[in-house]
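**Student:** coordinates for the following, if possible.
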Amino acid sequence: MKKINLSITGCLGRMGQQIIKSSKKNKNFKLVSLTENRKVSKKIFGIKPELNTSNAFKNAHIIIDFTVPKCTLQVLKIASKLKKRVVIGTTGFSKKEENLIKKFSRKIPILKAGNMSLGVNLLIYLTEIASRSLSKNFLTKVYEVHHKHKKDHPSGTALMIGKGIAEGKNKNFYNMIGKKYLNKKSFPYGSKINFNSIRKGNIIGEHEVKFSSGKEIVTLNHESFDRALYSEGALAASKWLMRKKPGLYSMRDLLNFK
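**Tutor:** Model (predicted):
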């Protein structure tokens, strides 16, 4: 099999560094360029990082982007001109920016996911099924744990789980958001979705959703032990995207969830 030429943006970031490591171990990929939003003098695996330009991406078959919304849109603008595929792990887009991504996807194949873990995406899918299957008597709550340096809460993944609950009940997620707790030992179920976030140590990520009728509890959970699972998920998404026509895809499409 011919190797896939890969370009990684935000190469000095935590995820950028992890994707570089994973790509060097994966025989399906050849790392051809790295970019940053500022000039970098040192080389990484013999490659000197560049700014986001047409020249930086010209030899790539696919670009993986885990940066910030402003940078992602800059990358998409260049990628659409060069007809390059893009995998996006960036989060925090505004509604206007989301619409711009959809616009770019009419020209190039784009896979966008708030979490690249195959297991987490399965958890979200199972949450939606459970929410749809269980009666209205079941109340819900979402619990998540991350390292002490993570500032936002609830985590983006916890919110994705919440959306799964809402979609299962065919309701608007934002109307179903309940209380958001931080570092509570225990927290209640509610008619809306309550969230509790724990920040401690160096924990990579734990997520749990509970459904309770008062007579029984259904629990779904996922634990992350290695940050490489996110970079490996991004590479799996890249390989999958190589066979796709222009459009906006998600990990749900990759996993063939209906």
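**Student:** where do the strands sit along the stretch 1-150 of the chain?
**Tutor:** 4-8, 29-34, 62-65, 85-88, 109-112, 139-146 (DSSP state E, counting those that start in this stretch).
**Student:** distance between the fifth one and the chain's centre?
**Tutor:** The chain centroid and the centroid of strand 109-112 are separated by 12 Å, computed with Cα atoms, centre = their mean, to the nearest Å.
**Student:** contact partners of that strand?
**Tutor:** Strand 109-112 has contacts (Cβ atoms under 8 Å, 6 or more residues apart in numbering) with 76, 85-88, 101, 104, 237-238, 240-241, 244-251, 253-254. Bear in mind the C-beta positions are built from the backbone N, C-alpha and C, glycine included.
**Student:** for Phe211, helix, strand, or coil?
**Tutor:** Here Phe211 is strand, with the state taken from DSSP: H, G, I helix; E, B strand; the rest coil.
**Student:** ok, back up a step: of the contacts of strand 109-112, just the buried ones, PyMOL syntax please.
**Tutor:** The following PyMOL line selects those of the contacts of strand 109-112 that are buried, judged by 16 or more other Cβ atoms under 10 Å:
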select buried, resi 76+85+86+87+88+101+104+237+238+240+241+248+249+251+253+254
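**Student:** show me the shaky parts of the protein.
**Tutor:** Scanning the chain for pLDDT under 70 picks out 1, 258.
**Student:** scan it for its longest helix.
**Tutor:** helix 118-133 (DSSP state H).
**Student:** now the angle from that one to strand 139-146?
**Tutor:** Interaxial angle of helix 118-133 relative to strand 139-146 (axes from the mean of the first three to the mean of the last three Cα atoms, to 10 degrees): 170 degrees.
**Student:** mind starting the numbering at 35 from now?
**Tutor:** Will do, 35 is the new start, and the previous item becomes helix 152-167.
**Student:** show me the contact partners of helix 152-167.
**Tutor:** 147, 149, 174, 191, 194-195, 197-203, 241, 243, 245, 252, 254-256, 258, 263, 267, 270, 285-286, 289, 291.
**Student:** and with 6 Å instead?
**Tutor:** 191, 194-195, 198-199, 201-203, 243, 254, 256, 267, 285, 289, 291 (Cβ atoms under 6 Å, 6 or more residues apart in numbering).
**Student:** determine which two of those residues are furthest apart.
**Tutor:** Lys203 and Gly267 (27.5 Å; Cβ to Cβ).
**Student:** how far out from the middle of the chain is stretch 130-141?
**Tutor:** The answer for stretch 130-141 is 17 Å, by Cα atoms, centre = their mean.
**Student:** in it, which residues are buried?
**Tutor:** Glu131, Leu134, Ile135, Phe138, Ser139.
**Student:** ignoring the adjacent residues along the chain, who's closest to the first one?
**Tutor:** In this case it means Glu131. Leaving aside its sequence neighbours, Glu131 sits nearest to Pro103 (Cβ to Cβ, 6 or more residues apart in numbering; 5.3 Å).
**Student:** right, and that neighbour touches Phe127 too?
**Tutor:** Yes - the pair Pro103 / Phe127 is scored as a contact, 5.0 Å apart, by Cβ atoms under 6 Å.
**Student:** now the strands for the stretch 185-292 of the chain?
**Tutor:** 211-216, 227-233, 239-246, 251-258, 281-283.
**Student:** just give me the neighbour total for the residue nearest to Glu131.
**Tutor:** Residues within reach of Pro103, counting by other Cβ atoms under 10 Å, total 17.
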